[in-house]
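Enquirer: no letters, just coordinates:
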């Protein structure tokens, strides 16, 4: 669970960064709260990494993780909604607001045209930060470390190591029924070809969700069935292992 939430935190951080670059956070009128949300996510990432590293299974810790899960899912929904609405407003203007109304302050114009929505989103983001503040305080009870620089370094080294050690695949380490079901369906799709042509299947998703593991499992299952008749599959697998599925 901690690994999944860590991946979700990375996804949310990227979304906030993209929104900042596009000035969506300004259009929503809550730049300070968005900045604070980004800082909160930095701390949460470090806490989750520490929880995962220590393999904590205490019930109280699990309760903390579940509480965090609820907040992060809500945050993802709110951020995606805010970004979507702001982009819809920009598109409906047929260009940038500056082009349409020279001299108009974009955030103010957006807020004046959408006061109810802006207030609603702003309030929700503030509420998210308050909930994350409480979760941050709760984390202190478990002595989680929030050394983000150390966490970032460890994560970078781990990612580099995992990409270098591409030949190692341990089937017994795979847990869950869904990945087995997906593997069977995709292998069936790949080996069933009435036209005897090539098929390309894309595996997409957030980082840490198991894309590379799924690709490895498909490769092994496919190979064992004797369906690997040329080097194409091996080449695609090698590309995925080097980071093509990330």
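Expert: Sure thing, it's come through. Being a predicted model, the structure only gives us computed values, none of them experimental. Numbering: from 1, shown residues only.
Enquirer: please tell me how far residue 49 sits from residue 10.
Expert: Note on residue 49: its distance to residue 10, by Cβ to Cβ, to the nearest Å, is 11 Å. Every C-beta, even on glycine, is put in place using the N, C-alpha and C of the backbone.
Enquirer: for this protein, give me the ranges with low pLDDT.
Expert: The chain contains residues with pLDDT under 70 at 1-4, 19-30, 51-58, 86-115, 117-118, 145-179, 193-199, 204-210, 221-246.
Enquirer: go with 80
Expert: Across the chain, the ranges flagged by pLDDT under 80 are 1-34, 42-62, 65, 79, 81-122, 139-246.
Enquirer: hmm, back to that, quick one: which of residue 49 and residue 10 has more around it?
Expert: residue 49 (25 against 16; other Cβ atoms under 10 Å).
Enquirer: so which strand or helix has that one?
Expert: Element membership of residue 49 [criterion: DSSP states H and E] is helix 31-54.
Enquirer: likewise for residue 132?
Expert: Per DSSP H and E, residue 132 falls inside helix 115-139.
Enquirer: which positions in that helix come out as buried?
Expert: Going by neighbour count (16 or more other Cβ atoms under 10 Å), the buried part of helix 115-139 is 117-118, 121-122, 124-125, 128-129, 131-132, 135-136, 138-139.
Enquirer: so which elements touch it?
Expert: If contacts are counted by 3 or more Cβ pairs under 8 Å, 6 or more residues apart in numbering; DSSP states H and E, helix 115-139 sits against helix 31-54, helix 59-92.
Enquirer: which one of the ones you listed lies closest to residue 214?
Expert: Nearest of the helices and strands packed on helix 115-139 to residue 214, taken as Cβ to Cβ: helix 31-54 at 20.3 Å.
Enquirer: and the direction of that closest one versus that of helix 59-92, what angle?
Expert: Going by axes from the mean of the first three to the mean of the last three Cα atoms, to 10 degrees, helix 31-54 is angled at 140 degrees with respect to helix 59-92.
Enquirer: contacting residues around the nearest residue to residue 135 once chain neighbours are set aside?
Expert: Once flanking residues are discounted, residue 135 sits nearest to residue 68: 5.4 Å by Cβ to Cβ, 6 or more residues apart in numbering. With contacts defined as Cβ atoms under 8 Å, 6 or more residues apart in numbering, the neighbours of residue 68 are 5, 44, 48, 135.
Enquirer: how near is residue 68 to residue 132?
Expert: For residue 68 relative to residue 132 (Cβ to Cβ), the value is 8 Å.
Enquirer: any common contacting residues for those two?
Expert: Contacts common to residue 68 and residue 132, judged by Cβ under 8 Å, 6+ apart, are residue 44.
Enquirer: related to what we said a few turns ago, right, so the helices and strands packed on helix 115-139: which one is the most enclosed?
Expert: Sort the helices and strands packed on helix 115-139 by mean neighbour count, taking mean count of other Cβ atoms under 10 Å, and helix 31-54 sits at the top with a mean of 19.
Enquirer: packing partners of that helix?
Expert: If you count contacts as 3+ Cβ pairs under 8 Å, 6+ apart, helix 31-54 packs onto helix 2-21, helix 24-27, helix 59-92, helix 115-139, helix 148-164.
Enquirer: hmm, 7 Å instead?
Expert: With contacts taken as 3 or more Cβ pairs under 7 Å, 6 or more residues apart in numbering; DSSP states H and E, helix 31-54 sits against helix 2-21, helix 115-139, helix 148-164.
Enquirer: now the angle between helix 115-139 and it, please.
Expert: Using the same axes, to 10 degrees: helix 31-54 against helix 115-139 is 30 degrees.
Enquirer: for the remainder of this discussion, apply numbering that starts at 184.
Expert: I'll keep to 184 as the first residue from here, and by that count the last item is helix 214-237.
Enquirer: mind giving me the domain split of the chain?
Expert: Domain ranges of the chain: 185-343, 352-427, per automatic domain parsing.
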